[in-house]
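Q: How does the following fold in three dimensions:
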Amino acid sequence: MTPNLVQALVVGVLFGCGVILLLERSLSQVLIGVLLLSNGTNLLLLLGSRSGGAPIVGVTPEAEMSDPLAQAMVLTAVVITLGLTAFLLAMAYRSWQLTGHDEVRDDPEDRRIVRRAERRELAGPDDNAGEGPWPPSGGPVGTDPEQVDPEPAPRRLDDEAGRA
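A: Numbering: from 1, shown residues only. A predicted model of the protein is given here:
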């Protein structure tokens, strides 16, 4: 059996819908997206393999045997998907218990990036825009002045004793 256009379209639709659902904020939609992607991958693996009789030596001639590797890979993928599904279900349930919904909120860094984009600020050296190393303005070359805490000035015990 060779894959036909309908089977290829089914795989494409599963991949497309899965990716769209993965980009949502709701964990239940992410879960459905993961399931659609895994089913699309399983179908793609099966469509790419050779179909035929049971791959048992002595029962089926070698030329008519199906490819057992693809079947083993699909079986492994099903088990991995089951584990991932259980993990995502547990996360969604816990989120529902704590907040009353299963949406993932923005973290403070996401909000900061959105605010900077709205103000049309240029990307700085810490935004991985390709700049760097930073010029030596009181610090060693290659250190980010926003990320490294400056050391306090050294205290001298002589000065404190002289003032007293």
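
Q: How about the residue nearest the centre of the chain: what's its closest non-neighbour residue?
A: Central residue of the chain (Cα atoms, centre = their mean): residue 22, 9.6 Å from the mean position. Nearest non-adjacent residue to residue 22, counting by Cβ to Cβ, 6 or more residues apart in numbering: residue 33, 3.9 Å away. Placement of C-beta: from N, CA and C, glycine included.

Q: element containing residue 111, please.
A: Per DSSP states H and E, residue 111 falls inside helix 108-118.

Q: What lies in contact with that helix?
A: residue 106 (Cβ atoms under 8 Å, 6 or more residues apart in numbering).

Q: Correct me if wrong, but residue 3 is in a helix.
A: No - assessed with DSSP: H, G, I helix; E, B strand; the rest coil, residue 3 is coil; it does not lie in a helix.

Q: who's in contact with the nearest residue to it once chain neighbours are set aside?
A: Nearest non-adjacent residue to residue 3, counting by Cβ to Cβ, 6+ apart: residue 47, 4.2 Å away. With contact taken as Cβ under 8 Å, 6+ apart, residue 47 is in contact with 3, 7, 8, 11.

Q: pLDDT value on residue 47, please?
A: Looking at residue 47, its pLDDT reads 88.

Q: any idea how far it lies from residue 64?
A: According to Cβ to Cβ, to the nearest Å, residue 47 and residue 64 sit 19 Å apart.

Q: One more: residue 58?
A: Counting by Cβ to Cβ, the gap from residue 58 to residue 64 is 13 Å.

Q: who has more neighbours, these two?
A: Between residue 58 and residue 64, counted using other Cβ atoms under 10 Å, the more crowded position is residue 64 (12 against 5).

Q: Confirm for me that the more buried one is in contact with residue 55.
A: No - using Cβ atoms under 8 Å, residue 64 makes no contact with residue 55, being 9.7 Å away.

Q: measure residue 42 to residue 82 for me?
A: Where residue 82 is concerned, residue 42 sits at a distance of 12 Å (Cβ to Cβ).
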